[in-house]
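J.: Just to be clear, the model below is a prediction. Sequence and coordinates:
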Amino acid sequence: MSLSRRDIEGIALRLLFWLPVLFMLGWLYGRQYANIWLPVYRGMLDWALSDFRVLTLDIGFMHELVFKTQVIAERIMVVEGQVLPSGFTVNASTPMYIAVVHPIILAVVALIWPGLNWSGRIVRLLVSLPCLLLLELLDVPLVLASSINDLLSYSINPTEDQASLLVDWVHVMDGGGRFALSFAAAIMAAVIHQRLTKWGAPPESLSFSGNKTDVR
């Protein structure tokens with residue numbers, strides 16, 4: 001896509017307007033938004049931690065609003081060569097604001113995208129909803145699951161855990177992966193929207209040219 005100077009100026013102006021608005025909405029209604037996803041997060045966390053059962057998953061305050069969870073081991077586990085009995089619990093938490101990052105980025109990209117009218121922007125936001133679901137599934141519940149695995153490994157063998165070269169999901173997401181995934185999802189939504197627009201466009205009318213015959 002080639003952008004003219006006018007396109008770039010329009011993107012900048014829309015960004016200056018919409019970004020503060022969306023940040024304010026996230027600050028005012030972020031907790032209500034996060035509450036909507038708790039059942040989805042719980043189901044994903046149960047799937048990601050096959051050896052555990054989720055006892056609690058809710059939003060609490062620990063210097064800031066956080067997702068906090070407690071899981072219980074349902075079977076005997078072997079971690080770092082040690083056998084752990086069933087029934088022990090592990091607690092983990094992650095900041096609540098990370099759940100709000102994805103809708104803000106998807107909405108910003110849809111609202112500043114050049115060449116769209118208002119109806120096009122609304123359609124783009126609707127097309128982004130499946131992408132939002134995927135992002136939410138990949139972020140909070142998997143970050144909590146990764147934190148639980150890290151906490152469990154660290155509590156048993158801190159030296160080995162600190163020396164590990166493995167990069168876990170928490171490090172990936174907190175190291176910029178969260179924003180990279182959101183922008184990638186926004187671009188994917190743009191491609192899907194363009195394909196849908198192309199498929200829904202009426203076919204070009206066929207025109208035929210030739211000699212006119214005047215019948216008298």
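T.: Received the coordinates, thanks.
J.: for the protein, which spans come out with low pLDDT?
T.: Applying pLDDT under 70 to the chain flags residues 1, 80, 159-167, 200-216.
J.: Please, where are all the strands along it?
T.: Assigned strands in the chain, in chain order: 52-61, 65-73, 77-79, 82-84, 89-95 (criterion: DSSP state E).
J.: quick one, which of those strands is packed in tightest?
T.: strand 65-73 (a mean of 19; mean count of other CB atoms under 10 Å). The way it works is simple: take the backbone N, C-alpha and C, and place the C-beta from them, glycine included.
J.: For Gly87, see how far away Leu55 is.
T.: 11 Å (CB to CB, to the nearest Å).
J.: Can you pull the residues that touch both of these two?
T.: Ile72 (CB atoms under 8 Å, 6 or more residues apart in numbering).
J.: helices or strands up against the helix ranked longest in the chain?
T.: Determined from DSSP state H, the single longest helix within the chain is helix 5-48. Secondary-structure packing of helix 5-48 (3 or more CB pairs under 8 Å, 6 or more residues apart in numbering; DSSP states H and E): strand 52-61, strand 65-73, helix 98-112, helix 118-138, helix 140-156.
J.: helices or strands up against the fourth one?
T.: Read it as helix 118-138. Counting by 3+ CB pairs under 8 Å, 6+ apart, helix 118-138 packs on helix 5-48, helix 98-112, helix 178-200.
J.: And the shortest one, what does it pack against?
T.: Read it as helix 98-112. Using 3+ CB pairs under 8 Å, 6+ apart, helix 98-112 sits against helix 5-48, helix 118-138, helix 140-156, helix 178-200.
J.: Quick one: residues in contact with that helix.
T.: 11, 14-15, 18-19, 22-23, 26, 30, 33-34, 37, 67, 116, 121, 124-125, 128, 131-132, 135-136, 139-140, 143, 173, 178-179, 181-183, 185-187, 189-190.
J.: Need the buried ones from those residues selected in ChimeraX.
T.: If you want just the buried ones from these in ChimeraX, going by 16 or more other CB atoms under 10 Å, the selection is:
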select :14,18,22,26,30,34,37,67,116,121,124,125,128,131,132,135,136,139,140,143,173,178,181,182,185,186,189,190
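J.: what residue lies at the spatial centre of the chain?
T.: The residue lying closest to the centre of the chain (CA atoms, centre = their mean) is Leu135, at 2.5 Å.
J.: The longest helix of the chain vs strand 52-61, what angle?
T.: Between helix 5-48 and strand 52-61, the angle comes out at 130 degrees (axes from the mean of the first three to the mean of the last three CA atoms, to 10 degrees).
J.: relative to helix 98-112, how tilted is helix 5-48?
T.: 150 degrees.
J.: Now distance to His102 too, for the strands of the chain, in CSV please.
T.: Listed next are these as CSV, based on distance: least, CB to CB, whole Å:
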stretch, distance to His102
strand 52-61, 17
strand 65-73, 14
strand 77-79, 32
strand 82-84, 35
strand 89-95, 14
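J.: mind checking which of those strands is nearest Ser153?
T.: Nearest to Ser153 among these is strand 77-79 (6.3 Å), distances taken as CB to CB.
J.: Can you tell me what sits against that closest one?
T.: Contacts for strand 77-79 (CB under 8 Å, 6+ apart): 51, 83-84, 86, 152-153, 156.
J.: and if you look at stretch 116-133?
T.: Taking CB under 8 Å, 6+ apart as the rule, stretch 116-133 contacts 40, 102-103, 106-107, 110-111, 113, 185-186, 188-190, 192-193, 196-197.
J.: With that, I have no additional questions.
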